[in-house]
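1. Sequence isn't available, so here's the structure alone:
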């Protein structure tokens, strides 16, 4: 400090010249400014730790593109030889990715399950044989020239044949569409239901049709939903949209009743095998094959909302002459999960594992669904290993990476893994902190996320920081507009279901989607590497931005969940969401005019709000009780589990959220109540209000276990990160301030400087620019 002041006091008698004093002071000003800027930069970047930066820096677009190209080079349907070959390749790649982590493990997790493989399909409409083939475009997409473009089927559709049947157009074939048919006296019993894809899960379309007496179902992709705004222009291979010959395959397993293997699980599901699969034939067809059938259907004009993009009149009635021959092979097959684990430093009940997963199998090539997710998981593993080696990163909690098989058939692999682990407790997934699912990493450039409320804030933070990091590196999307309000409720659906709906683990599912939320080439032969590279996330210098960004987001969330001393989960957001869900239930009751009271539930939620706020305040008190607090945070979602399950589906045990029984895709909040309200069953709705109220009270009781002294929340930890650079910044700024005061109190330097300055600058600045206080005013 003394040396610093001596440098500053340069105008004393016998010291330096006044001019040198002036420049030296300018130098000190600049040094202070630079120090302040470095502090500010450190402040701005303090959200990311060195380990996190190491992870983000290591993500490689080249590796992602290379892996996706290989994975999509051949079809890899679960239960086939190609599927098993792909599993072997993936196992080797995952093992190699985690090799730098000495105690990491990679293992096969095999199961036997009932799958549904195609044998043959024949269709004649009005006496004309339909080819049932997706057109190949080998000049642009070599993989489209495959025998699989003639394997057209819906998984688990029944084998059967029909002659001279007539068809009824039912729009999307969802429950509300049948209301329109009923109002117009159109009956589907004894007929073929002809429905377009969209709005509700295909299995639900079949389930409703079968219940109403239909003899078969034909599903087609309408150009209005999948063909783009200028159909047929802009379709594959010249554009991203589904061409006229494109067909969407997919499972029609009744996963809304019970996902997973439909065979031998009557105890878990409370349904027999026959209750979970269609008893009627189902066949997907293209828009060009649907055209002649739509023209044949006669009747009054359909409502405007029922009109699509075919060159035909959309009518309410029946028509056409359809012959149908379908052979599907429902067969027991081996499915291959691959499970990797990075052990954490905690063990036993304190190791709330963080599970990342997606399914690896595909209906054909599956570049977007789910190849993009599968290669992203590999790259996440590489990034974590890089942080382990280069920054000595060590997770507090174990990280489990699950590559599920037969996910496309209905969450077969993930469900088998969860149900087995609940018994063996090898990975203790029923005590997990969170499950993070990414099936479709990229099928567009719009980021869409669903999550348990307690994870929403952390997810948004991770997205924002990855965007900022990518902007700095110029290798990410320019922006991803997102807020906590944009993170919708996650009902479940497929591989999320066993974790969220069955064992109550807070979950998230996210990825980049097509701007309107659709997936134009879904489950067709055109969901290929060419489609991704050309229309979604091009490969080249500075490209593959979205796949890379998604990998960074996924891994960053996993690192924070695994590393933070206190789980970064927001119980306040959970409580607020529970309150919002209750309001939605009240609206549904009011619309139907039912006498169902939510007074008890609303009162319980008010108490929960208060307790959540008190719990959050207590978190900032001290640093004791971390393990107990984490046990509470990890168990919050599980307070909504009930052993008996939802009224009509025992396997679904989460009373807060589930995939909607009538759509399959959307999230149903307080599903036990909502399902009974929609069905107008007042007595059981009231019972479900009691069940939900008891669940809210359980959560409130759990949160009442407040510590007198507990660790800081993740927000507080971030504040501490901010304090560290400030501890450096503040002394620097104080030293500068002291020096300024000392300098201004030195009359010798001040007088010497003013005298010299008045002489040297008189030619360019009039003396009048010296203010009354003796300080030269800058112009």
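-> Alright, I've got the coordinates. The model shown is predicted, which means the values in this text are computed figures rather than measured ones.

2. Report the secondary structure state of the closest residue to residue 699 other than its chain neighbours.
-> Spatial nearest neighbour of residue 699, excluding adjacent residues (Cβ to Cβ, 6 or more residues apart in numbering): residue 639 at 4.0 Å. For the C-beta atoms, the positions are set from N, CA and C on the backbone; glycine is no exception. Using DSSP: H, G, I helix; E, B strand; the rest coil, the structure places residue 639 in helix.

3. What separation is there between residue 639 and residue 572?
-> Relative to residue 572, residue 639 is positioned 16 Å away (Cβ to Cβ, to the nearest Å).

4. So for the two, which sits in the more crowded spot?
-> Shown here are residue 639 and residue 572; by other Cβ atoms under 10 Å, residue 639 has more neighbours (19 against 15).

5. Can you tell me how far the residue nearest to residue 699 is from residue 696?
-> As judged by Cβ to Cβ, residue 639 and residue 696 stand 8 Å apart.

6. The residue nearest to residue 699 touches residue 702, doesn't it?
-> Yes: if you go by Cβ atoms under 8 Å, residue 639 and residue 702 touch, sitting 5.8 Å apart.

7. and the closest residue to residue 630 other than its chain neighbours, what element?
-> Residue nearest to residue 630 in three dimensions, not counting chain neighbours: residue 567, with 5.1 Å by Cβ to Cβ, 6+ apart. Assigned by DSSP states H and E, residue 567 belongs to no helix or strand.

8. where does the stretch 601-750 of the chain dip in pLDDT?
-> 622-624, 706-750 (pLDDT under 70).

9. Tell me where the stretch 401-550 of the chain has helices.
-> 412-424, 453-473, 497, 529-531, 545-563 (DSSP state H, counting those that start in this stretch).

10. Need the winner for burial among those helices.
-> Mean neighbour count (mean count of other Cβ atoms under 10 Å) peaks for helix 497 among those, with a mean of 28.

11. If I take the helix or strand residue 114 falls within and helix 412-424, what angle do their directions form?
-> If you go by DSSP H and E, residue 114 is part of strand 105-125. Angle, strand 105-125 to helix 412-424, by axes from the mean of the first three to the mean of the last three Cα atoms, to 10 degrees: 140 degrees.

12. pretty sure the residue nearest to residue 630 is touching residue 636, no?
-> No: applying Cβ under 8 Å as the test, residue 567 and residue 636 come out as separate, 9.8 Å apart.

13. Who has more neighbours out of those two?
-> Counted by other Cβ under 10 Å, residue 567 and residue 636 do not tie: residue 567 has more neighbours, with 28 against 24.

14. quick one, phi/psi of the more buried one?
-> Torsion angles at residue 567 (phi, psi; degrees, to the nearest 10) stand at phi -60, psi 130.

15. OK, contacts around it?
-> 352, 433, 561, 629, 630, 633, 634, 714 (Cβ atoms under 8 Å, 6 or more residues apart in numbering).

16. Can you tell me how far the fourth one is from residue 385?
-> So that's residue 629. Distance, residue 629 to residue 385, using Cβ to Cβ: 30 Å.

17. in stretch 511-520, what's buried?
-> 511, 512, 513, 514, 518, 519, 520 (16 or more other Cβ atoms under 10 Å).

18. Equivalent analysis for stretch 313-330, please.
-> Neighbour counts using 16+ other Cβ under 10 Å place 314-326, 328, 330 of stretch 313-330 among the buried residues.

19. Can you find the helix or strand in this structure with the smallest mean pLDDT?
-> helix 747-760 (a mean of 37; mean pLDDT, DSSP states H and E).

20. and the next element down the chain from the strand ranked longest in the chain?
-> Counting residues, the longest strand in the chain under DSSP state E turns out to be strand 315-342. Downstream of strand 315-342, the next assigned helix or strand under DSSP H and E is strand 354-359.

21. packing partners for whichever helix or strand comes after that next one?
-> From strand 354-359 onward toward the C-terminus, using DSSP H and E, the following helix or strand is helix 373-390. Applying 3 or more Cβ pairs under 8 Å, 6 or more residues apart in numbering; DSSP states H and E, we find helix 373-390 packed against helix 50-58, helix 61-71, helix 81-97, strand 315-342, strand 354-359, strand 399-404, helix 545-563.

22. List the buried residues for whichever strand or helix holds residue 684?
-> Assigned by DSSP H and E, residue 684 belongs to helix 682-703. Under the neighbour-count criterion of 16+ other Cβ under 10 Å, helix 682-703 has 684-686, 688-689, 691-700, 702-703 buried.

23. Stretch 267-279 too?
-> Within stretch 267-279, judged by 16+ other Cβ under 10 Å, the buried ones are 268, 269, 270, 271, 276, 277, 278.

24. Number of residues surrounding the spatially closest residue to the last one that is not a sequence neighbour?
-> The spatially closest residue to residue 278, leaving aside those adjacent along the chain, is residue 206, at 4.9 Å (Cβ to Cβ, 6+ apart). Other residues within reach of residue 206, judged by other Cβ under 10 Å, total 30.

25. what's the residue nearest the centre of the chain in contact with, if anything?
-> For the chain, the residue nearest the mean C-alpha position is residue 510 (1.4 Å; Cα atoms, centre = their mean). With contact set as Cβ under 8 Å, 6+ apart, residue 510 has these partners: 438, 447, 448, 449, 450, 451, 459, 550, 553, 554.

26. Just the pLDDT for it.
-> You'll see residue 510 listed with a pLDDT of 96.

27. can you pull up the bridge partners for it?
-> residue 449 (DSSP bridges).

28. going forward, begin numbering at 186 instead of 1
-> Will do, 186 is the new start, and the previous item becomes residue 695.

29. now it: how far from residue 256?
-> 21 Å.

30. Show the residue spans covered by the strands in the stretch 386-535 of the chain.
-> With DSSP state E, counting those that start in this stretch as the criterion, the stretch 386-535 of the chain has strands at 401-405, 435-436, 467-470, 482-486, 500-527.

31. that older thread, neighbouring strands of the strand holding residue 299 in the sheet, and parallel or not?
-> Strand pairing for strand 290-310, determined by DSSP bridges: strand 313-315 (antiparallel), strand 500-527 (antiparallel).
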